[in-house]
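Asker: model the structure of this input:
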Amino acid sequence: FFACLAPAIGFGGILDVATNGAMGAIEMVASTSLCGVLYAALSAQPIQLVGPMGPNLAFTISLYQLSTRLGIPFLPFYAWTGLWTAGFLCTAALTSASNTVKYLTRFTDEIFSVLISSIFLFEAVSDVAKTFLSPRSVPEIAFLTLTC
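Answerer: As a prediction, this is how the structure comes out:
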């Protein structure tokens with residue numbers, strides 16, 4: 001229970017800040033619980049990670065930033081992205097496109113991991129840098145940001 005709840009709350013808090021309240025911990029816990037119940041009732045695979053993951057969080061944050069740059073509402077954009085993804089997944093399932101996985105190498109996995117790690121590292125460093133560059137910042141707050 002707590003293994004599913006803790007990431008949902010943690011990633012939900014990050015999403016709340018990154019999306020200016022469009023998505024948060026409550027939405028993340030609700031979607032994780034709904035997906036978990038549906039997956040348990042309808043699937044045949046008992047061991048599966050159902051819940052928020054780092055790549056999903058990075059994608060959602062990037063999608064929010066894209067929607068604000070384009071000036072379109074985030075939640076409808078997010079919903080349409082999900083529907084298009086569902087369509088592509090159904091097409092891939094009907095054509096057995098998963099057979100192409102045998103052509104992927106460990107290098108592909110490592111490059112993707114480096115990309116996700118770089119995104120999180122960049123976000124963390126930029127948040128700490130904002131503390132030092134803010135005109136309201138005092139040296140004590142900046143020091144506490146580095147040590148805590």
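Asker: check the nearest residue to residue 137 once chain neighbours are set aside and give its pLDDT.
Answerer: In space, residue 137 comes closest to residue 131 once its chain neighbours are excluded; the distance is 5.6 Å by CB to CB, 6 or more residues apart in numbering. C-beta coordinates here come from the backbone N, C-alpha and C atoms, glycine included. The model reports residue 131 with a pLDDT of 74.
Asker: surely residue 131 touches residue 143?
Answerer: No. Under the criterion of CB atoms under 8 Å, residue 131 lies out of contact with residue 143, with a separation of 9.7 Å.
Asker: for residue 135, helix, strand, or coil?
Answerer: The local conformation at residue 135, judged by DSSP: H, G, I helix; E, B strand; the rest coil, is coil.
Asker: name the element residue 11 belongs to?
Answerer: For residue 11, the host element (DSSP states H and E) is helix 2-18.
Asker: pull out the buried positions in the next helix or strand after that helix.
Answerer: For helix 2-18, the succeeding helix or strand toward the C-terminus, using DSSP H and E, is helix 25-42. Buried positions in helix 25-42, judged by neighbour count with 16 or more other CB atoms under 10 Å: 25, 28, 29, 31, 32.
Asker: contacts for the helix or strand hosting residue 92?
Answerer: Of the helices and strands defined by DSSP H and E, residue 92 is found in helix 74-94. With CB atoms under 8 Å, 6 or more residues apart in numbering as the test, helix 74-94 has contacts from 19, 22, 60, 63, 64, 66, 67, 68, 97, 98.
Asker: what is the most widely separated pair among these?
Answerer: Across the contacts of helix 74-94, no pair lies farther apart than 68 and 98, at 34.4 Å, counting by CB to CB.
Asker: backbone phi and psi for residue 72, please?
Answerer: For residue 72, the backbone dihedrals (degrees, to the nearest 10) come out as phi -110, psi 150.
Asker: and it, how far from residue 15?
Answerer: Separation of residue 72 from residue 15 (CB to CB, to the nearest Å) stands at 18 Å.
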